[in-house]
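Student: Mind folding the following:
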Amino acid sequence: MQVQEMTRADFEALPFRTVFDFTELVILPQRRHHDSGYRCMDFVACVNGEAICRMSGCSDVLHINGIGGFGHWSPYSPEGLPKSVPPVAWSIDCLPKSGLLRLFSRHKLSTDDASYALSSFEIFAEQEERE
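Tutor: Residues are numbered from 1 along each chain as shown. Coordinates of the predicted model:
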């Protein structure tokens with residue numbers, strides 16, 4: 001089903017799965033609170049406007065392009081952090097029927113398995129453009 005036509009209940013009915021590549025992410029706030037005091041969020045992976053599954057379930061923070069915005073680079077890698085990071089044209093809109101926020105880019109998006117176990121959920125913009 002296309003995300004523009006989905007209700008919040010439609011998003012909540014999606015199964016939890018592990019998906020690593022997608023084109024859009026819908027933010028689905030939950031009623032329960034994390035130990036931090038902030039609300040938990042689920043994230044819905046979408047491919048070309050179609051909702052695929054829910055992810056996370058325990059996150060209170062979304063890190064866009066990874067923690068610090070450096071993409072897959074890590075300060076702990078032998079190379080350290082880059083002097084510059086390629087720009088990513090991030091966009092957020094509000095879906096007409098559900099009122100939920102959708103995050104997207106002109107790049108393919110991904111996450112890693114660490115994001116499923118932590119309170120911090122990281123998404124990354126891959127440097128190859130979407131098809």
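
Student: Please make it C-alpha for all contacts and neighbour counts, starting now.
Tutor: Fine.

Student: Which strand or helix spans residue 10?
Tutor: helix 8-12 (DSSP states H and E).

Student: Who are the packing partners of that helix?
Tutor: Applying 3 or more Cα pairs under 8 Å, 6 or more residues apart in numbering; DSSP states H and E, one finds that helix 8-12 contacts strand 50-59.

Student: Enumerate every residue touching residue 60.
Tutor: 34, 36, 38, 39, 40, 41, 119, 120, 121 (Cα atoms under 8 Å, 6 or more residues apart in numbering).

Student: roughly how far apart are the third one and residue 67?
Tutor: Residue 38 sits at a distance of 18 Å from residue 67 (criterion: Cα to Cα, to the nearest Å).

Student: Just want to know which of the two has more residues nearby.
Tutor: Applying other Cα atoms under 10 Å to residue 38 and residue 67 shows that residue 67 carries more neighbours, namely 17 against 13.

Student: burial count for residue 107?
Tutor: 20.

Student: An error on my part: the question was meant for residue 40.
Tutor: Neighbour count of residue 40, defined by other Cα under 10 Å: 21.
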